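Chemist: Compute the structure for the input listed below.
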Amino acid sequence: MPERLKRQMTRRKSGVDLLMKDPLQRKGSIPLMSLDTAEDDKVDLLELKRRVEDDLHRDEQKLLYLTQNVARAAFLEESMARTLEVFDQRLSSLEAVIHPIHQQTLKLVGAQENLETVGDLLEEAVKQQGVSFKTGRIIRGGITEENLDEYLAAIWEVRSALAYFTDNAPGNPEMQTLFELHARAMATVQSQVKTLLVEDVESPSREEILETRPELAIDAEKIFKTDGAALLKLTGLLLQSDNSTELTRMFAAARGDTITATVDGKQGMARNSSDGSTGTKGIRRGLSLRRRSNSNMNPQAATPQKTPVKASFRQSTSGHKRVPSDQQKVHAGMDVHAEVDDPMATTYEKGSHPFLRLCSVTFVCLVREHTLASRLVETKPEILHQLLRQLYHTKMDSTISMGELLVGNMSRRSVRGATGLSLLDILQTLLVVRRDDLELVLGICNEQTGVRFHQLVASLVKLGHRALFEFQDYIQSDDLKKLPPDGTVHELTSTTLAFITSLQAYDDIGGFVLGTEGECGSGSDVIDVNVVDNRVGRLVNWVIKVLDVLCNNVSRKARQFEQPALRCTFLINNYDYIFKYIVASPYAEVFREQEPQIDSRYIALIEEQFTAYKRHTWDSIISYTRIDEGLGGANMSKKEREAIKERYSKFNDGFDSIVEAQTRYTVPSSKVRERIISDIIDYVVPHYKRFDDRFRNSGFTQKNPHKYLKYTVGDVEEKIRRLFSAT
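Modeler: Got it, this is the predicted structure:
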């Protein structure tokens, strides 16, 4: 009986017992249950009994069903065991019958496979035996535009046949024929690669490179004149054949000759001659593959002739004058102003130095070769440096040798003026403009080449440093007797400021050179123009020192003038010319940072000469216009009249002398000239007007008034305005 039902029946029994007790005894206990409640509990007990009996009946039915199923399963198990026993007996009998048949079948299958293998081997042997006959016609016929893929396939067939005979029949006579065919084919391929490396690769002329034409920007798609498919396939064959060493040799030879022709200016000539002969623009576009002809029987016949590297004169574009190449100019120690006698020449065209042109063309060509080589070895990029190293080493070695020759030539002569500008131009190109190209090239060259190059740059830096201070020393020691007769700006001043102005284009590299103090070392990592420092300030500080030296030299030159007025005019002109440069210079603020008093210093120098000019020129004649107390009046004595005549005469003579002399003076600056004339008028005319107003109509002369009254006030002013008319 469930526990819950037991608890319920116990509670109900307790309630009945309580109801049966005496009411007095139940006082304070739970209330008496009503008769209705007792009746309900009885009904619940009957319902509970009925449900329990129903559950018991269902459980008995389930038990009966399970018992029947267990009996049926036991019967089925016994039947299955008997069936399996019979099947096992029959399977054993079948195996005893089939096993001999299976063994015989396996033997027959093995024999069939052996027959098939022998057949395949015989078929392969017959196929390989016929390779030489099949491919010989193609290989001996040479490569054409139409049969390139077929030719390459024939080479692979020959290689496959050689590998087959090497593994299976090393003594087969057919191998000798195959070896000969393969050697002939590879010779033809190498010949075509050499030809295509020259004729199917875009090679801009030197003039195009120096003009920095935008279309020469390196684009991997514009390296070839055609699509470059033939060259890429042929070089791919060489790479797959582990012929990278031979490819490197051919690449260095073919492309080296092309670069040499470009540097010497012959590439442009070839392009021009092609234009004239074919009527098309540039060298013929398209594959330069040999057509089938008798000459194809000799693969070496297509090998391009190497261009001699010896120095030779190139024909000018006009066809009338033979001019030396840039390499010959460097060999001869020439530069763009070598024929100029004046050591102070400052005319230098940026980028025109032969060695600089040589470097620019060479570096552009080498970077283009890097792009070309990258395309050629796309399938095997690990040999890129190997492919380029020999070419780069040869060309950089030649270029560095030219630079060393240039350094040797410059070391034996003066490098000031335009030569110094060309040195800074070379350094700026090498260290700034072409820095990325150089890092690419030197990264492929061997370490020795890199050390040589940096030694060359260090030597050029040393020469550049020497050039700047040679220029300063030259100013200091310039001949004092070389004077302009009209007192204009001295040639030394104009050439110095012209040089300094030209130097502005190289302010960064100039400041770098000055910061080296002429010593850069000789290692491979000593030249670093990317170090941030005050290079412009350093250069401006050097310019201030040069200008001080120039002022000192000009001041000493001025002492050679006999006329004080001319000396003052000369100094005013030169000081003003220098001061104008400082004010108008793009580095005006840097000048003031380096020397805060520079403006006031030069203004003081100019004002000092203005004052000296007036003192030496006009004070003497103004003294003749002095009016002494008591001089003149209604009844002048003869002595007074003579004194007035003498003053007029001396003024006239002195004024005529000054005007005659200073009319030939030159003051280039209109502003300075107007100021001088204005100061003279303000200084002289009032004195003369006061004197002339006092004595012109005083009757001091009766016989020869024109002799003394030579100039009116207006005449004096007009004469003064004509001063410095030589300007």
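
Chemist: Against T379, how distant is V193?
Modeler: Between V193 and T379 the computed distance is 15 Å (C-beta to C-beta, to the nearest Å). Quick note: C-beta positions are derived from backbone N, CA and C, even for glycine.

Chemist: Neighbour count for those two, which is higher?
Modeler: Set V193 next to T379 and count neighbours by other C-beta atoms under 10 Å: V193 wins out with 23 against 10.

Chemist: can you pull the contacts of the residue lying closest to the more buried one once chain neighbours are set aside?
Modeler: Of all residues not flanking V193 in the chain, L234 sits nearest, at 5.0 Å (C-beta to C-beta, 6 or more residues apart in numbering). Shown in contact with L234 (C-beta atoms under 8 Å, 6 or more residues apart in numbering): L152, V189, Q192, V193, L196.

Chemist: State whether L234 is indeed within a helix.
Modeler: Yes. Counting by DSSP: H, G, I helix; E, B strand; the rest coil, L234 is part of a helix.

Chemist: Give me the pLDDT value at it.
Modeler: Per-residue pLDDT puts L234 at 89.

Chemist: try M297
Modeler: Reading off the model, M297 has pLDDT 35.

Chemist: likewise D437?
Modeler: At D437, the pLDDT recorded in the model is 85.

Chemist: do you know how far it is from S398?
Modeler: 16 Å.

Chemist: coming back round to it: looking at the contacts of L234, which one is closest to V52?
Modeler: L152 (99.8 Å; C-beta to C-beta).

Chemist: And the strand or helix carrying the closest one, what's buried?
Modeler: Here L152 sits within helix 148-168, counting by DSSP states H and E. By neighbour count on 16 or more other C-beta atoms under 10 Å, the buried set for helix 148-168 is L148, Y151, L152, A154, I155, E157, V158, R159, A161, L162, Y164, F165.

Chemist: out of the residues you listed, who's nearest L115?
Modeler: Y164 (21.2 Å).

Chemist: which residue packs closest to that closest one, ignoring adjacent ones?
Modeler: In space, Y164 is closest to Q128, 4.8 Å off (C-beta to C-beta, 6+ apart).

Chemist: Just confirm that neighbour is within a helix.
Modeler: Yes. Assignment of Q128 by three-state DSSP places it within a helix.

Chemist: That one: what's it in contact with?
Modeler: S160, A161, Y164, F165, E174.

Chemist: With distance to P586 and pLDDT as extra columns, can I get these in CSV?
Modeler: Listed next are the contacts of Q128 as CSV, based on distance: C-beta to C-beta, whole Å; pLDDT from 0 to 100:
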residue, distance to P586, pLDDT
S160, 72, 89
A161, 76, 89
Y164, 78, 87
F165, 79, 86
E174, 81, 87
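
Chemist: For C445, see how far away the nearest residue to I143 once chain neighbours are set aside is.
Modeler: Among residues not flanking I143 along the chain, Y151 sits closest, at 5.1 Å (C-beta to C-beta, 6+ apart). Computed with C-beta to C-beta, the distance linking Y151 and C445 is 36 Å.

Chemist: Kindly report the same for A584.
Modeler: Here A584 is placed at a distance of 46 Å from C445 (C-beta to C-beta).

Chemist: just K222 next, same as before
Modeler: 26 Å.

Chemist: ok, the two, which is more surrounded?
Modeler: C445 (23 against 13).

Chemist: count of residues packed around the residue lying closest to the more buried one once chain neighbours are set aside?
Modeler: Using C-beta to C-beta, 6+ apart and skipping the chain neighbours, the partner closest in space to C445 is Y392 (5.0 Å). Around Y392 there are 24 other residues, counting by other C-beta under 10 Å.

Chemist: per-residue confidence for Y392?
Modeler: The score at Y392 is 90. That number is its pLDDT.

Chemist: got a list of what I500 touches?
Modeler: V543, V546, Y581.

Chemist: Let me fix that, I meant to ask about L442.
Modeler: M396, T449, G450, F453.

Chemist: please redo it, this time with the cut-off set to 7 Å
Modeler: T449, G450, F453 (C-beta atoms under 7 Å, 6 or more residues apart in numbering).

Chemist: V131 too?
Modeler: Per C-beta under 7 Å, 6+ apart, neighbours of V131: E157, V158, A161, L178.

Chemist: try 6 Å
Modeler: E157, A161 (C-beta atoms under 6 Å, 6 or more residues apart in numbering).

Chemist: Please identify which helix or strand holds the spatially most central residue of the chain.
Modeler: In the chain, the residue lying closest to the centroid (C-alpha atoms, centre = their mean) is D436, at 4.5 Å. Here D436 sits within helix 435-444, counting by DSSP H and E.

Chemist: List the buried residues for that helix?
Modeler: D437, L438, L440, V441, L442, I444.

Chemist: could I get the contacts of L234 as JSON lines with distance to H182 and secondary structure?
Modeler: Formatted as JSON lines, these follow (distance: C-beta to C-beta, whole Å; DSSP: H, G, I helix; E, B strand; the rest coil):
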{"residue": "L152", "distance to H182": "13", "secondary structure": "helix"}
{"residue": "V189", "distance to H182": "10", "secondary structure": "helix"}
{"residue": "Q192", "distance to H182": "16", "secondary structure": "helix"}
{"residue": "V193", "distance to H182": "16", "secondary structure": "helix"}
{"residue": "L196", "distance to H182": "21", "secondary structure": "helix"}
